[in-house]
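>>> Attaching a predicted model along with its sequence, questions to come.
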Amino acid sequence: MNQPIEGNEEPYIYTGTSVHTDTFIRNSLRSFIPSRFSFNSPRLFFNSKATESTLGQKNPKVVFVLGGPGSGKGTQCANIVEHFGYTHLSAGDLLRAEIKSGSENGTMIQNMIKEGKIVPSEVTIKLLEKAILEKDNDKFLIDGFPRNEENRAAFEEVTGIVPEFVLFFDCPEEEMEKRLLGRNQGREDDNIDTIRKRFKVFLESSLPVIEYYNSKDKVRKIDAAKPVGEVFEVVKALFTPVDDKAAA
Ligand SMILES: Nc1ncnc2c1ncn2[C@@H]1O[C@H](COP(=O)(O)OP(=O)(O)O)[C@@H](O)[C@H]1O
Ligand SMILES: Nc1ccn([C@H]2C[C@H](O)[C@@H](COP(=O)(O)OP(=O)(O)O)O2)c(=O)n1
């Protein structure tokens, strides 16, 4: 995946930094905020002051797990859970569960996933907050989130949570395509048309988030093209020093 983004002479990763301001957050959120709301701050819109203070009391340790579709995020998260006692929260799984639950947002979420698009942060963040508060654990792997700048800025603003680090599974597109076509989980988005759309969204919207965290020295980049066991050996080494229990 170390090819340049189209129109960019430099390798895509570790080159740029982005400056994200309150104005950016306002502008990105305004598009999905009903006009009857007076929009002063994402916090007011999300009405999450109470949630924030509860999350603040909980003060969870969060690791974001990012990488292209099919790079092996879910597979490695299962290994991390087993060895290091984290709770795995997959944003995609939470959204798919929301569709199944018959929620009023279900059809919108389903259509966006079918098109390979990213669901508005308002929806995904509420699901993540609820899941964090429900689980009796203080260590979370948040998989597949934040997937764009809007996700990132809104999550930080609303929850106040800053990740310990960001695991980035780097994998060539051909390998990810092969894996997704063989995944066989009956997912509506694992067809070649949607897969290509998801790759495009990953390059255009998700890589800038990884670049942002890289500028903060938070990214731990892993060669995810190797076999599962070899990838986990590298992952394990990253978690061992930060995890007291595992070191015991
Ligand atoms: N390192 C690997 N080598 C080969 N296949 C893999 C590897 N990691 C995961 N897979 C397989 O690739 C598919 C996608 O993996 P998954 O963990 O679901 O990716 P993601 O969560 O990033 O979309 C699954 O069928 C999984 O079994
Ligand atoms: N933060 C997120 C995460 C996933 N989604 C949607 C859009 C994604 O294409 C689908 C599937 O994401 P998921 O992480 O489960 O799977 P892949 O990494 O694409 O294999 O869910 C989202 O809208 N916002």
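Here it is on my side, so go on. Numbering: from 1, shown residues only. Ligands and ions are numbered 1, 2, ... in the order given.

>>> C-alpha from now on. contacts and neighbour counts both.
OK.

>>> Next, the buried residues of the longest helix seen in the chain.
For the chain, the helix that runs over the most residues, judged by DSSP state H, is helix 121-134. Neighbour-count burial for helix 121-134, counted by 16 or more other Cα atoms under 10 Å, picks out Ser121, Glu122, Thr124, Ile125, Lys126, Leu127, Leu128, Glu129, Ala131, Ile132.

>>> my guess is Asp170 meets Asp223, correct?
Yes: at 5.3 Å, Asp170 counts as touching Asp223 under the criterion of Cα atoms under 8 Å.

>>> Give me the distance from stretch 77-87 to the chain's centre.
17 Å (Cα atoms, centre = their mean, to the nearest Å).

>>> Just the mean pLDDT for that stretch, thanks.
The average pLDDT for stretch 77-87 rounds to 97.

>>> Show me what counts as buried in that stretch.
Buried, per 16+ other Cα under 10 Å, within stretch 77-87: Cys77, Asn79, Ile80, Phe84, Gly85, Tyr86, Thr87.

>>> can you tell me if that stretch touches ligand 1.
No: shown here: stretch 77-87 not in contact with ligand 1 (Cα under 6 Å from any ligand atom), separated by at least 7.9 Å.

>>> pLDDT and distance to Ser101 added to the buried residues of helix 121-134, as CSV?
What follows is the buried residues of helix 121-134, written out as CSV (pLDDT from 0 to 100; distance: Cα to Cα, whole Å):
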residue, pLDDT, distance to Ser101
Ser121, 97, 19
Glu122, 97, 18
Thr124, 98, 15
Ile125, 97, 17
Lys126, 96, 15
Leu127, 98, 12
Leu128, 98, 16
Glu129, 96, 17
Ala131, 97, 15
Ile132, 97, 19
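
>>> Among these, which one lies nearest to ligand 2?
Thr124 (6.4 Å; Cα to the nearest ligand atom).

>>> surely the closest one meets Ala91?
Yes: the pair Thr124 / Ala91 is scored as a contact, 6.8 Å apart, by Cα under 8 Å.

>>> Quick check: residues of this structure near ligand 1?
Checking the chain against ligand 1 by Cα under 6 Å from any ligand atom, the hits are 69-75, 179-180, 182-183, 224-228.
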